[in-house]
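In: My questions concern the predicted model and sequence given below.
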2 protein chains.
Amino acid sequence: MSMPDHPRVIIIGAGFAGLWAARRLAHTQLDVLVLDRNNYHTFFPLLYQVAAAEIEPEDIVYPVRSILRRHKNIRFLMNEVTGIDLAAKQVKTTDAVFPYDFLVLAIGSNSHFFGVKGAAEHAFPLKTLGQAIALRNQILLRFERALYVSDPVRRKQMLTFAIVGGGPTGVEFSGALSELIRGPLAKDYPALDPAEMQVTLFEAADRLLAAFPESLGRYAFKRLQKMGVEIRLRAQVSQVTPESVQFSDGTSLALETVIWTAGVQGRPVNAELPVLRNGQVKVLPTLQSPDHPEVYITGDLAYLEEAGFPEPMLGPVATQQGDSAARNILRQANGQAPRPFHYHNNGTMATIGRNAAIAHIWGHAFTGFPAWILWLGIHLYGLIGFRNRLLVLIDWAWDYLFYERAVRLIVSSPDSRTKESIS
Amino acid sequence: MSMPDHPRVIIIGAGFAGLWAARRLAHTQLDVLVLDRNNYHTFFPLLYQVAAAEIEPEDIVYPVRSILRRHKNIRFLMNEVTGIDLAAKQVKTTDAVFPYDFLVLAIGSNSHFFGVKGAAEHAFPLKTLGQAIALRNQILLRFERALYVSDPVRRKQMLTFAIVGGGPTGVEFSGALSELIRGPLAKDYPALDPAEMQVTLFEAADRLLAAFPESLGRYAFKRLQKMGVEIRLRAQVSQVTPESVQFSDGTSLALETVIWTAGVQGRPVNAELPVLRNGQVKVLPTLQSPDHPEVYITGDLAYLEEAGFPEPMLGPVATQQGDSAARNILRQANGQAPRPFHYHNNGTMATIGRNAAIAHIWGHAFTGFPAWILWLGIHLYGLIGFRNRLLVLIDWAWDYLFYERAVRLIVSSPDSRTKESIS
């Protein structure tokens, strides 16, 4: 492949993979264009805390332009990608068509509902900032509406929240939601009976946190129970309706809010790429598409096995793959062969509540306060920009000192610019 | 009027007037119900800073429940008031009907377009949090979209912003917008020519800040000009379209964003109350409705003259009236006659930009840095809750030290909970 002087690289997606790829390509001879439909990067691991009204949406996002503007060879455009023409090497957006010499696909993942009836329509996913805000609105509005309901059965239904999926996100969110409900909301709604409020975590397997050592799953189970979260293992969801969640053993639970954290799948790409059942795209060990050596697939979208196991769909995998793909592009541009990717697992962790977390680092299992401090430090460090770190720290310190949550704002649609009414 | 043991008071609106009325009635024998369609109180004087991406939406709001929950005799319900039956003494909402013995109407004001053609449809008002966020989205999106436009005339049109109304809000917002554009946005969009970006302030009268001493209007004029804001006095807007603003002298300006700060009017009340041309309701000096002695009208909705001049539609007037109305209700409940309201003017002020403000306090005119420090302190103090004060202070200090703005997030509608797309 003969290279132009300034090969054009297009990176689709400004998440972990895309942003880390762009950073690696800064100050090189390459002409880089980053595309994303949002003008901000989302620090995904803390999304559940926005949904639990623990921190503010602005605390976990950062404008892409501010991150990239120091780099003269990188441009950013906020745009919706409508398709990719791999043969013509062009990315199509709603506004323009952009040619490329190299492409990095880093579009991430969506919720995966495994074909469960009604789940896509009625369950709340937790994968984007908009979804986290919508979920927060839903939870807070259930409490507001419950004040008008005199039938206690109906009221309990409104104040019951089911989390489907006992992985890290499900564990973290059910802990945070239970703390929100038993703390600030119980205080804000003295007219409602706390006995009518319920958080239940459902997991299809026979244990929580299947990707972690068993001792950590047991710790999370006990800790969540102590916090008032009900847990049902071996619970296979068969259907979600606006008023219930149903299980394959014939049982069901009446409620209005089901939060879906049970699975993720690669986001759909409008391109001639072979897609696996879970939406991922199989890549070579170099992260290249087998049929298109100039196309790199990274992060949650990429399917790659290492030592017989697929790489997990996690933030650290995405950042490392973004970086590796960029390094390989630089090698290709210089006429060198790309190198295979290896994931360096620096540990995984999840937080359960105040002072309680689990961590699996360098083969060691940590629980409780030490794991929590570790979790806090690493996640704070991960937030881009010192200002965000400071604000999140204040929100957390506040929460910790005063058993109080952040603003608990029920936002209306910002589109309704002229809608005004009497009160 | 014979009084029940626990007279029921309904306060409609949790703005300055309503909240201050509620606070005065705390720990009394009265049974108080506060209604608002939002679950938060908005600190209105800083709304323009949200629209200019200077501070975050959450910084200027505070949940009503958290403010009122210490007071056992006060309940809050988030609800849309649909009408008031003054004869039956009932407030109707979408969910229920509430009887009252006393009513405090504190529903505030809307933008007033004075019948200017197209203004209600195409101009951006700045009266609610939702409107401030919508305006921020509009401004930031103009810059994103302009990157795709090759015609410089068309691009200049997209990057031209007209503020209609040279009162405090118009002066404050045009200063803040100019700082946003000439600071962070110029840095974020190096591909765009700053010469194509324009902020113009239009005022129908022959001076800015008509409610302030003339020297302060002159100072604001010079200061804004120095900051790059164009100012046109004696400019009477005759029509607003999606592509232009037109004036009664036949001139026009091609643009996509008109911000309307030219006037406010009382919010419509669905009740048998005589409404003036500007939407306000005339009240007795005691703030009572002339026909309904149990109905108090406060804040921007109330029309009351003192020494021949109407009370201005300002925050301090609203808080003082809310407090006075509540005191009068307590007097009535105790069989005493209500007392007339007197406004204690502790001064008015407006900020123009970094280090620049104007203030009119105890008959003295302040400008520049001293006025700015005064403005900052008083507004920070006015923010309910220490946590909010701390966060706003950090945002401001950041802005001041680094010439940087807050997150500049273009939020999508939180309703779109399942809308997901490729990038």
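Out: It's in. Nothing here was measured: the structure is a model prediction, and the numbers come from that model.

In: How about the residues of the stretch 201-350 of chain A by chain B?
Out: Within the stretch 201-350 of chain A, the positions near chain B by CB under 8 Å from any CB of the partner chain are A:267-270. All C-beta atoms are positioned from the backbone trio N, CA, C, and that covers glycine.

In: Mark which of the residues you listed are buried, thanks.
Out: Among these, those buried by neighbour count (16 or more other CB atoms under 10 Å in any protein chain shown) are A:267, A:269.

In: A:G353 pairs with what?
Out: A:A356 (DSSP bridges).

In: Give the burial count for it, as a bare number.
Out: When neighbours are defined as other CB atoms under 10 Å in any protein chain shown, A:G353 has 19 of them.

In: my guess is it meets A:L177, correct?
Out: No - between A:G353 and A:L177 there is no contact under CB atoms under 8 Å: 10.2 Å.

In: Kindly reformat the residues of the stretch 201-350 of chain A next to chain B as CSV containing pLDDT.
Out: Shown next, in CSV, are these (pLDDT from 0 to 100):
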residue, pLDDT
A:R267, 92
A:P268, 91
A:V269, 88
A:N270, 88
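
In: For burial, what's the neighbour tally of the residue nearest to A:T94 when sequence neighbours are not counted?
Out: Distances taken as CB to CB, 6 or more residues apart in numbering or on different chains put A:E80 closest to A:T94, at 4.9 Å, once the chain neighbours are dropped. Using other CB under 10 Å, A:E80 has 14 other residues around it.

In: What backbone torsions are found at A:E80?
Out: phi -90, psi 120 (degrees, to the nearest 10).

In: pLDDT at it, what is it?
Out: pLDDT, A:E80: 91.

In: on that earlier part again, identify, from the residues of the stretch 201-350 of chain A next to chain B, the entry nearest to B:N334.
Out: A:R267 (66.3 Å; CB to CB).

In: what separates that closest one from A:S109, distance-wise?
Out: As defined by CB to CB, to the nearest Å, A:R267 lies at a distance of 6 Å from A:S109.

In: What of A:N355?
Out: 31 Å.

In: between those two, which one's more packed in?
Out: A:S109 (22 against 14).

In: Please name the bridge partners of that one.
Out: Note on A:S109: beta-bridge partners by DSSP bridges are A:G266.

In: Touching, it and A:Y303? I think so.
Out: No - counting by CB under 8 Å, A:S109 does not reach A:Y303; the two are 11.4 Å apart.

In: can you give me the strands in the stretch 251-400 of chain A?
Out: Per DSSP state E, counting those that start in this stretch, the stretch 251-400 of chain A carries strands over the ranges A:252-254, A:257-260, A:264-266, A:281-282, A:295-297, A:302-303, A:305-306, A:309-310, A:348-353, A:356-361, A:364-367.

In: Apologies, that question was intended for the stretch 101-250 of chain A.
Out: A:102-105, A:109-111, A:160-164, A:198-202, A:229-232, A:237-241, A:244-247.

In: got a markdown table for the residues of the stretch 201-350 of chain A next to chain B, with distance to B:I84 too?
Out: Output for those, formatted as a markdown table (distance: CB to CB, whole Å):
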| residue | distance to B:I84 |
| --- | --- |
| A:R267 | 50 |
| A:P268 | 51 |
| A:V269 | 56 |
| A:N270 | 54 |
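
In: Check the residues of the stretch 201-350 of chain A next to chain B and tell me the two furthest apart.
Out: Largest pairwise distance in those, by CB to CB, is 10.4 Å, between A:R267 and A:N270.

In: shaky segments in the stretch 251-400 of chain A?
Out: A:383-388, A:390-391, A:393, A:396-400 (pLDDT under 70).

In: domains for chain A, by residue range?
Out: A:8-37+A:79-111+A:264-333, A:119-262+A:347-402 (automatic domain parsing).

In: Of these, which stretch is the most buried?
Out: Comparing these by mean neighbour count (mean count of other CB atoms under 10 Å in any protein chain shown), domain A:8-37+A:79-111+A:264-333 ranks first with a mean of 20.

In: hmm, back to that, so for A:R267 and A:S109, which residues contact both of them?
Out: Here A:R267 and A:S109 share the contacting residues A:279, A:300-301, scored by CB atoms under 8 Å, 6 or more residues apart in numbering or on different chains.

In: Inside helices: which ones of those residues?
Out: Of the shared contacts of A:R267 and A:S109, none are assigned to helices by DSSP state H.

In: what residues are up against whatever residue of the stretch 151-300 of chain A ends up closest to chain B?
Out: At 4.1 Å from chain B, A:D188 is the closest residue in the stretch 151-300 of chain A, using CB to the nearest CB. When contacts are counted by CB under 8 Å, 6+ apart, A:D188 touches A:143, A:408, B:63, B:65-66, B:69.

In: Many thanks, we can stop here.
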